[in-house]
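Visitor: next one to model:
(4 chains)
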There are 2 protein chains.
Amino acid sequence: MARRSATEVAGSRAQTLDAAVQLASLVGLEGLTIGGLAERLGMSKSGLVGRFGSKEKLQLATLDQAADIFRRTVYEPTSATPPGLARLNAICDAWVAYLGRPPFPGGCFLTTAMVEFDGRPGPVNDAVKNVMRRWLALLEREATTAIENGDLPSGTDPADVAFTINALAVGTNCDFQLNRNHSSLQRARRAMAAALAQ
Amino acid sequence: MARRSATEVAGSRAQTLDAAVQLASLVGLEGLTIGGLAERLGMSKSGLVGRFGSKEKLQLATLDQAADIFRRTVYEPTSATPPGLARLNAICDAWVAYLGRPPFPGGCFLTTAMVEFDGRPGPVNDAVKNVMRRWLALLEREATTAIENGDLPSGTDPADVAFTINALAVGTNCDFQLNRNHSSLQRARRAMAAALAQ
DNA sequence: ATATATTGCGGACGATCGTTCTGATTATCG
DNA sequence: CGATAATCAGAACGATCGTCCGCAATATAT
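Guide: Model prediction:
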């Protein structure tokens, strides 16, 4: 008994992944179950598996989708801002806004995935590492420009700047998700500003 | 009550909890299974359940044990240091050392528990909140003293200081667990020092 | 010494997990 | 139009999950 059409049961692959991201942001990338997602999509488990092949491949696709959303929400809006310190501050602003009104419930997807898979070697672990590496490299690049422009002290290690901003971001996400208190966001912004005003 | 040896299978309750903490630090507080811990202890599942009553009670007891270990490793060694900025720096030192050679594998137990349960209301969520609240209150108390002593600018919000140190700590743990690179620890210490040198 | 309470084991339960196979339905192409 | 390829539902599988029950063994109390 076909509902709608054979292929377009629960929408396109992109719609499937959007639902996966939303669900996984609440229960984690490991807590994301085939049966749970299938039910949410109104399709069968086997049908869902047919689309991705295995749970691990579903996790990888979901992580990719989340990374895309993160990039569009945090990186890209700052492309109009001049590189260097100004863009670094714009990224921090975008991040705090992203945390206050995340495109999916459950807070920062990448933080959860990082904690879930930091001790389990495998393809998902590798993928998480790559995403974080690109994010840190982006921060470091802007920090380098800021130092070249004289907007940060000349002795500054750009990797230190990237590390600090990222650590504050990840730590802020944990605090905010736990307490759901918007003062966390204000404190985070102040802490980031202070770190960039050394 | 009787401790010691109806069968003396896996030692005392404290030994059981030590094993639980070690296991949960690797697989998380939710990934900590009755069967897995029982096997590790060389006892049966039902015997283990008899000790705690349910998985949730086991999680609560394990969290308490981890919080005790954290307190003994990070707080207490700094009790000899004068309150205020000096003790704040000592706590940061102790924290970084704790991260580099944690009393259990898998990094900071509380960070994992925080991420795992931040979206699941219940007794475990409440317990995690309490532990974090005490930890932040301790940091804030030292920050207040530091401000009173004139070691931090008079306009500083002590809660901001506590927030920043904690966020850096949590974020550092995530970075370090993912990449296993000791440079994270050095960067963390520098970031904390910079935050305390405003 | 007898009675009671405590403790742990083996086994079983229902539920859910990821995965696989078969068959029916639909889309695509010659 | 008919043949081929793709897609999804249904059912079942072995494994593992948390929990519960009955029974045997031990420790404590009277």
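Visitor: which single residue of chain A ends up nearest DNA strand D?
Guide: A:Gly47 (2.3 Å; Cβ to the nearest atom of the strand). In short, each C-beta sits where N, CA and C put it, glycine included.
Visitor: count the neighbours of that residue for me.
Guide: Counted with other Cβ atoms under 10 Å in any protein chain shown, the neighbours of A:Gly47 add up to 13.
Visitor: against which helices or strands is the strand or helix carrying it packed?
Guide: Secondary structure from DSSP states H and E places A:Gly47 in helix A:45-52. Helix A:45-52 makes packing contacts with helix A:13-31, helix A:34-41, helix A:55-70 when contacts are defined by 3 or more Cβ pairs under 8 Å, 6 or more residues apart in numbering or on different chains; DSSP states H and E.
Visitor: so what's the residue of chain A closest to DNA strand D scoring on pLDDT?
Guide: We have a pLDDT of 95 for A:Gly47.
Visitor: relative to B:Thr33, how far out is it?
Guide: 30 Å (Cβ to Cβ, to the nearest Å).
Visitor: all helices of chain A, in order?
Guide: A:13-31, A:34-41, A:45-52, A:55-70, A:85-100, A:109-117, A:123-148, A:158-179, A:183-195 (DSSP state H).
Visitor: any part of the first one near chain B?
Guide: The one in question is helix A:13-31. Yes. Residues of helix A:13-31 contacting chain B under Cβ under 8 Å from any Cβ of the partner chain: A:Leu26, A:Val27, A:Gly28, A:Glu30, A:Gly31.
Visitor: restricted to buried residues, select the residues you listed in PyMOL.
Guide: Command for PyMOL that selects the buried part of the residues of helix A:13-31 next to chain B, burial taken from 16 or more other Cβ atoms under 10 Å in any protein chain shown:
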select buried, chain A and resi 27+28+30+31
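Visitor: the residues of helix A:13-31 next to chain B: which two are farthest apart?
Guide: Farthest-apart pair in the residues of helix A:13-31 next to chain B is A:Leu26 and A:Glu30; separation 12.4 Å (Cβ to Cβ).
Visitor: I'd assumed A:Cys92 was in contact with A:Arg189.
Guide: Yes. With contact defined as Cβ atoms under 8 Å, A:Arg189 reaches A:Cys92; the gap is 6.7 Å.
Visitor: show me which of these two is the more surrounded one.
Guide: Taking neighbours as other Cβ under 10 Å, A:Arg189 and A:Cys92 compare with A:Cys92 leading, 23 against 18.
Visitor: per-residue confidence at the residue nearest to that one when sequence neighbours are not counted?
Guide: Leaving aside its chain neighbours, A:Cys92 sits nearest to A:Met192 (4.3 Å; criterion: Cβ to Cβ, 6 or more residues apart in numbering or on different chains). With respect to pLDDT, A:Met192 has a value of 98.
Visitor: what does the one 5 residues further on give?
Guide: Here the pLDDT value assigned to A:Ala197 is 95.
Visitor: how many neighbours does it have?
Guide: With other Cβ under 10 Å as criterion, A:Ala197 counts 11.
Visitor: over to A:Gly171?
Guide: For A:Gly171, using other Cβ under 10 Å, the count is 27.
Visitor: quick one, what contacts the residue nearest to it when sequence neighbours are not counted?
Guide: In space, and not counting its chain neighbours, A:Gly171 is closest to B:Ala167: 2.9 Å by Cβ to Cβ, 6+ apart. Contacts for B:Ala167 (Cβ atoms under 8 Å, 6 or more residues apart in numbering or on different chains) come out as A:Ala167, A:Leu168, A:Val170, A:Gly171, A:Thr172, A:Cys174, A:Asp175, A:Ala188, A:Ala191.
Visitor: report pLDDT for the spatially most central residue of chain A.
Guide: In chain A, the residue lying closest to the centroid (Cα atoms, centre = their mean) is A:Leu110, at 4.1 Å. The score at A:Leu110 is 94. That number is its pLDDT.
Visitor: A:Asp118 touches B:Leu178, doesn't it?
Guide: Yes. At 4.6 Å, A:Asp118 counts as touching B:Leu178 under the criterion of Cβ under 8 Å.
Visitor: which residues are common contacts for these two?
Guide: Joint contacts of A:Asp118 and B:Leu178 (Cβ under 8 Å, 6+ apart) are A:Val128.
Visitor: if we can go back for a sec, make TSV out of the contacts of B:Ala167 and add distance to A:Leu58.
Guide: Compiled in TSV, those are given as follows (distance: Cβ to Cβ, whole Å):
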residue	distance to A:Leu58
A:Ala167	30
A:Leu168	31
A:Val170	25
A:Gly171	29
A:Thr172	29
A:Cys174	25
A:Asp175	30
A:Ala188	32
A:Ala191	36
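Visitor: most widely separated two among those?
Guide: A:Cys174 and A:Ala191 (13.8 Å).
Visitor: for A:Cys108, which non-adjacent residue is spatially closest?
Guide: A:Asn173 (4.3 Å).
Visitor: surely that neighbour is in contact with A:Thr111?
Guide: Yes. Between A:Asn173 and A:Thr111 there is a contact under Cβ under 8 Å: 4.8 Å.
Visitor: of those two, who's got more company?
Guide: Neighbour tally, A:Asn173 and A:Thr111, criterion other Cβ under 10 Å: the higher count belongs to A:Asn173, 28 against 25.
Visitor: pLDDT weak spots in chain A?
Guide: For chain A, the stretches flagged by pLDDT under 70 are A:1-11.
Visitor: go with 50
Guide: A:1-10 (pLDDT under 50).
Visitor: how far away is the residue nearest to A:Gly171 from A:Thr111?
Guide: 12 Å.
Visitor: what's the overlap in contacts for these two?
Guide: Contacts common to B:Ala167 and A:Thr111, judged by Cβ under 8 Å, 6+ apart, are A:Val170, A:Cys174.
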